[in-house]
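**Student:** would you be able to build a 3D model of this:
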Amino acid sequence: MAKKTLESLNRRLMYSLLRLLVRNEPLTQPLDGATMRKILILRYDKLGDMVVTTPVFTLLRERLPNAELHVLASPRNVGLLAADARIAQTIVFDGSWSSVLGLMRRLRRENYDAFFCLVFYKMTYAGLLANILGGRKPHKIMIAHEERHNLYSLWFNLLVPVSTKQPMAQTLVELVCKTFGWEYTPEPEMIRFDIAVTERHNAIAEAWFAANAPRKPCVFYNLSAGMPFRQWSFERNAACLQALTAQFPELAFVLNAAPPERGSAQHLAAMFPNAIA
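**Tutor:** Down below sits the predicted model:
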């Protein structure tokens, strides 16, 4: 008991010292969107994470037409924004401390009004990163976590309570809506996915489908998760495709796979006449 009490006192002392150093003044929602001239969105994680953020880009572009949107992306997902006219700047962060030091001066010169931290893992690191890169001026906004409020309120001015029992795209849109006091609804008219592609990419896709795809509607089926703990086994993918092809015989399934899973994709395509590797 004495050890836990001492740890609690040390933690409180550390929080007090950090608050004096960081000095993020707490804010209450809603923020005034009319004052926003430049916003940075932290999304330096995976490709799929950037995909589910595209409804946020659309919402902010429509509701705050005078604000520039910048995105701090990773080498893995920055390519998704190459042709995206909603984004004024994309900045690549590779996760290294040398990258942090290289970006600090550049990003502080941007004089951002707000940082939206949409990376929901290693959030203490995300908060530290936001403060190093942005300094004290930007409003730093993050989803609220009640059990870690004392810790996260060090790094963020505004912790917004939103539902996490819904798809990620809805959670992100709800976070932005509550930040600015906009009405939120999880309906399709608000959750609009939109990925900008170049004419070259369109031409590549059209040529591939002309050469490989049957004359029927196609579903893109991704076999590669990118992280081992999220990767489905061959047997589970086979069971899923069995169920899908039985229920939707009118569809073709285009199997996408990273190089390590190409063999599995070709094997599955051989098992199911409606699948193409």
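
**Student:** what comes up buried for stretch 94-113?
**Tutor:** Val100, Leu103, Leu107, Glu110, Tyr112, Asp113 (16 or more other Cβ atoms under 10 Å). (Each C-beta comes from the backbone N, C-alpha and C, glycine too.)

**Student:** which residue packs closest to the fifth one, ignoring adjacent ones?
**Tutor:** To tie it back to what came earlier, the one meant is Tyr112. Spatial nearest neighbour of Tyr112, excluding adjacent residues (Cβ to Cβ, 6 or more residues apart in numbering): Pro138 at 4.4 Å.

**Student:** thinking again about what came up before, could you export the buried residues of stretch 94-113 as CSV, including secondary structure?
**Tutor:** Formatted as CSV, those follow (DSSP: H, G, I helix; E, B strand; the rest coil):
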residue, secondary structure
Val100, helix
Leu103, helix
Leu107, helix
Glu110, helix
Tyr112, coil
Asp113, coil
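
**Student:** tell me what the helix or strand encompassing Leu133 is packed against?
**Tutor:** Using DSSP states H and E, Leu133 sits within helix 123-134. Applying 3 or more Cβ pairs under 8 Å, 6 or more residues apart in numbering; DSSP states H and E, we find helix 123-134 packed against strand 38-43, helix 97-110, strand 114-117, strand 139-143, helix 149-155.

**Student:** list the buried residues in that helix.
**Tutor:** In helix 123-134, counting by 16+ other Cβ under 10 Å, buried: Met123, Ala126, Gly127, Leu128, Leu129, Ala130, Asn131, Leu133, Gly134.

**Student:** quick one: it to helix 97-110, angle?
**Tutor:** Angle of helix 123-134 versus helix 97-110, following axes from the mean of the first three to the mean of the last three Cα atoms, to 10 degrees, is 50 degrees.

**Student:** tell me which other helices or strands the one helix or strand Thr179 maps to touches.
**Tutor:** In the assignment (DSSP H and E), Thr179 maps to helix 168-180. Here helix 168-180 touches helix 54-63, strand 114-117, strand 139-143, strand 158-160, going by 3+ Cβ pairs under 8 Å, 6+ apart.

**Student:** 10 Å instead?
**Tutor:** Other helices and strands packing on helix 168-180, by 3 or more Cβ pairs under 10 Å, 6 or more residues apart in numbering; DSSP states H and E, are strand 38-43, helix 47-51, helix 54-63, strand 114-117, strand 139-143, strand 158-160.

**Student:** ok, which of these comes nearest Glu235?
**Tutor:** The closest of the helices and strands packed on helix 168-180 to Glu235 is helix 47-51. By Cβ to Cβ, the value is 23.0 Å.

**Student:** quick one: mean pLDDT for that closest one?
**Tutor:** Helix 47-51 carries an average pLDDT of 93.

**Student:** next one: stretch 99-118
**Tutor:** Stretch 99-118 carries an average pLDDT of 95.
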